[in-house]
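Student: Make a model of this:
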Amino acid sequence: MFMKRRQFIHTALAALPAVAMPRFASAADATAPLPDIEALSLQGKQIILKGPDVKDFATRLRGELMLRDSAGYDTARRVWNGAFDRHPALIAR
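Tutor: Now for the predicted structure:
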């Protein structure tokens with residue numbers, strides 16, 4: 001079953017704190033395959049973002065897609081309100 005692009009973008013970018021995020025290469029590395037990413041949807045349901053779908057999204061994105069081990073991820077994930085400490089699976093910039 002394929003996820004529609006709009007649904008993938010909404011799910012991936014709206015709220016995807018990682019459940020058990022493995023460490024892996026940056027999406028910028030076009031030769032390395034990406035593993036599937038476990039995450040939570042906005043409704044709190046556990047979902048899986050397929051590695052090839054994430055890689056496809058990264059190649060089509062005009063900006064930068066940051067994964068948990070990407071340089072600058074920790075700085076980018078912080079918001080101005082220090083009461084929130086989220087760890088999204090993906091950050092699109």
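
Student: for stretch 81-92, how far is the first residue from the last?
Tutor: 19 Å (CA to CA, to the nearest Å).

Student: How about stretch 83-91?
Tutor: Using CA to CA, the two ends of stretch 83-91 sit 19 Å apart.

Student: For G72, give its distance to I37.
Tutor: For G72, the distance to I37 equals 18 Å [CB to CB, to the nearest Å]. (Each C-beta comes from the backbone N, C-alpha and C, glycine too.)

Student: quick one, which of the two is more surrounded?
Tutor: I37 (24 against 11; other CB atoms under 10 Å).

Student: Next, work out how far apart the nearest residue to the more buried one once chain neighbours are set aside and T59 are.
Tutor: Once flanking residues are discounted, I37 sits nearest to L49: 4.4 Å by CB to CB, 6 or more residues apart in numbering. Separation of L49 from T59 (CB to CB): 15 Å.

Student: again with D69
Tutor: According to CB to CB, D69 stands 19 Å off from T59.

Student: Can you classify I48 by secondary structure?
Tutor: Here I48 is recorded as strand under DSSP: H, G, I helix; E, B strand; the rest coil.

Student: Repeat that for D56.
Tutor: Here D56 is recorded as helix under three-state DSSP.
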